[in-house]
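J.: this one's sequence-less:
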Ligand code: F6R
């Protein structure tokens, strides 16, 4: 794990977007998995800009959605799918055959999980994961206490996730379960970027990178990934022991 501290979120997002672009230049059929939510928002914007101005060939790029709220329609503004659609698929003309997302409305969520795992396997694994960190240390919907070895699964959402999650919606929604890639996928990914910005993420970042690795704080698993980068702005890194920053 390497911790990279940027002056601000713009510089952080520039770096993350460039990582995606460089990967696609080297490997046009790369498999990239992204979280939705606030953390990767600017990265997506800059990725779209760079991909357009640099005329990156996105014909064979494969996109995986990290997670979805169970019970929400993809049309609901605030669902993960609506984020991906608005941030990436529409502006870049990514075709449905190029992406695989969880259907939170499926009446067979186990099959959703099995299909996702099979899709990732068939595509040769995930080249790059770009994720955020929740206020309870979750990544995706891998909530505190999750088994580190799981692949795709359905999980009861932690109360922090339920309350913080309301920020994505214009009116209160009932959030109970999530469907998510597991930390097994995270550990199997070839490269991992964890993004966090702002003071409110400073404590969770400190725990993720400095505390003992434990499933009670799932994001601590980034310490174990051989090719993981924690990208933070100065605010998110404000509580870190500076001697540990590379
Ligand atoms: C969203 C996701 C979540 C978020 C995390 C941080 O798809 O997987 O784990 O990344 O809750 O959310 P933000 O970025 O909104 O602070």
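T.: Yep, it's here. This structure is a prediction, so every number in the text was calculated from the model and none was measured.

J.: all contacts plus neighbour counts: C-alpha atoms, from now on.
T.: Noted.

J.: For residue 144, give its distance to residue 137.
T.: Distance of residue 144 to residue 137, computed by CA to CA, to the nearest Å: 7 Å.

J.: shared neighbours of these two, anything?
T.: Common neighbours of residue 144 and residue 137 are listed as 217, 218 (criterion: CA atoms under 8 Å, 6 or more residues apart in numbering).

J.: So which of these two has more stuff around it?
T.: residue 137 (26 against 18; other CA atoms under 10 Å).

J.: which SS state does the more buried one fall under?
T.: Three-state call for residue 137 (DSSP: H, G, I helix; E, B strand; the rest coil): coil.

J.: May I have the residues that are in contact with it?
T.: Residue 137 is in contact with 143, 144, 204, 208, 217, 218, 219, 220, counting by CA under 8 Å, 6+ apart.

J.: Tell me which residues touch the fifth one, please.
T.: The one in question is residue 217. Contacts of residue 217 (CA under 8 Å, 6+ apart): 136, 137, 138, 144, 145, 207, 208.

J.: try it again with 7 Å
T.: Shown in contact with residue 217 (CA atoms under 7 Å, 6 or more residues apart in numbering): 137, 138, 144.

J.: ditto for the last one
T.: Shown here is residue 220, whose contacts under the criterion CA under 7 Å, 6+ apart are 208, 209, 213, 214.

J.: circling back to that earlier point, adding distance to residue 34 and pLDDT, write the contacts of residue 217 out as a markdown table.
T.: Formatted as a markdown table, the contacts of residue 217 follow (distance: CA to CA, whole Å; pLDDT from 0 to 100):
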| residue | distance to residue 34 | pLDDT |
| --- | --- | --- |
| 137 | 17 | 98 |
| 138 | 15 | 98 |
| 144 | 20 | 98 |
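
J.: out of those, who's near the ligand?
T.: residue 138 (CA under 6 Å from any ligand atom).

J.: any idea how far the lengthiest helix in the chain is from the chain center?
T.: In the chain, assigned by DSSP state H, the helix with the most residues is helix 9-26. Computed by CA atoms, centre = their mean, to the nearest Å, the chain-centroid distance of helix 9-26 equals 14 Å.

J.: and which of the contacts of residue 217 is nearest to residue 185?
T.: When the contacts of residue 217 are ranked by distance to residue 185 (CA to CA), residue 138 comes first, at 14.3 Å.

J.: what's the burial count for that closest one?
T.: 25.

J.: In contact with it: list those residues for me.
T.: Residue 138 neighbours (CA under 7 Å, 6+ apart): 144, 217, 218, 219.

J.: that older thread, please point out which parts of the longest helix of the chain sit buried.
T.: By 16 or more other CA atoms under 10 Å, the buried positions in helix 9-26 come out as 9, 11-21, 23-24.

J.: Between those residues, which sits nearest residue 170?
T.: Taking CA to CA as the measure, residue 170 lies nearest residue 9 of the buried residues of helix 9-26, at 24.6 Å.

J.: how close does the nearest residue to that closest one once chain neighbours are set aside sit to residue 123?
T.: Distances taken as CA to CA, 6 or more residues apart in numbering place residue 233 nearest to residue 9, at 5.7 Å, with adjacent residues excluded. Distance, residue 233 to residue 123, by CA to CA: 33 Å.
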